[in-house]
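# Need coordinates for the following:
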Amino acid sequence: MPVDELDTRILRLLIEQPRTSVREYARILGIARGTLQARLDRLERDGVVTGTGPFLSPAALGHPVLAFVHVEVTQGHLDEVGDALAAVPEIVEAFSITGGGDLLTRVVARDNAHLEDVIQQLIRLPGVVRTRTEVALRERVPFRLLPLVESVGREARAARASGGGSR
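Residues are numbered from 1 along each chain as shown. Next up is the predicted model:
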């Protein structure tokens, strides 16, 4: 298991109170500041904590349209197309995938006409065979990790209670 019960408590605080100081986190958790700092350093080194925010809203930045664009790529050109996608500012994420298509991108746009312009830009990229677009209508579950962190914490407690131990 990548984290233990204390790590889970730390992660919960990072999610719920992201602007709190390390000293205050240590006080809340009832642990030494050095212990907390060592844990935070390890969580970052292990890739559990990958950033510190802030989280921005594309809609508040004038890009309220969200679409998922599947991109089919000519065989052998995945890296080149991936590099080209990184140059398109409206593409906020891109993943290599299995299934229908080779890449899945998350695209934001000012309006539907702007979305069409972005898609046309993608279609013109060397190595792109075709695209398929799905427009998001409403966010039903916002990006979140706290439920996962809580689940990991429950598993760590259960392992500890059953004698599985912890770090």
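# Domain-wise, how is this protein divided?
For the chain, automatic domain parsing gives the domain ranges 5-54, 65-135.
# So which residue is smack in the middle of the protein?
Centrality entry for the chain: nearest residue to the mean C-alpha point is F143, 7.7 Å, by Cα atoms, centre = their mean.
# So that residue versus V129, what's the distance?
Using Cβ to Cβ, to the nearest Å, F143 is found at 30 Å from V129. All C-beta spots, glycine's among them, are computed from the backbone N, C-alpha and C.
# one step back: hey, least reliable of the domains of the chain by pLDDT?
Here the domains of the chain differ in mean pLDDT, and the lowest is domain 5-54 at a mean of 93.
# May I have the distance across that domain, first residue to last?
Start and end residues of domain 5-54 are separated by 26 Å (Cα to Cα, to the nearest Å).
# Next: stretch 11-27.
15 Å.
# mind listing what the residue nearest to the centre of the chain touches?
Counting by Cβ atoms under 8 Å, 6 or more residues apart in numbering, F143 makes contact with nothing.
# next one: phi and psi at I91?
With angles defined as degrees, to the nearest 10, I91 sits at phi -90, psi 110.
# is it in a bridge, and if so with what?
Beta-bridge pairing of I91 under DSSP bridges involves V107.
# That one touches L104, doesn't it?
No - assessed by Cβ atoms under 8 Å, I91 is found out of contact with L104, at 10.7 Å.
# hey, where'd the helices end up in this structure?
Assigned by DSSP state H, the chain shows helices spanning 5-16, 22-29, 33-45, 78-85, 112-123, 146-161.
# May I see the buried residues of the longest one?
Counting neighbours by 16 or more other Cβ atoms under 10 Å, one finds that the buried residues in helix 146-161 are 149, 152-153, 156.
# what's the answer for the first one, then?
Of the residues in helix 5-16, those with enough neighbours to count as buried (16+ other Cβ under 10 Å) are 5-14.
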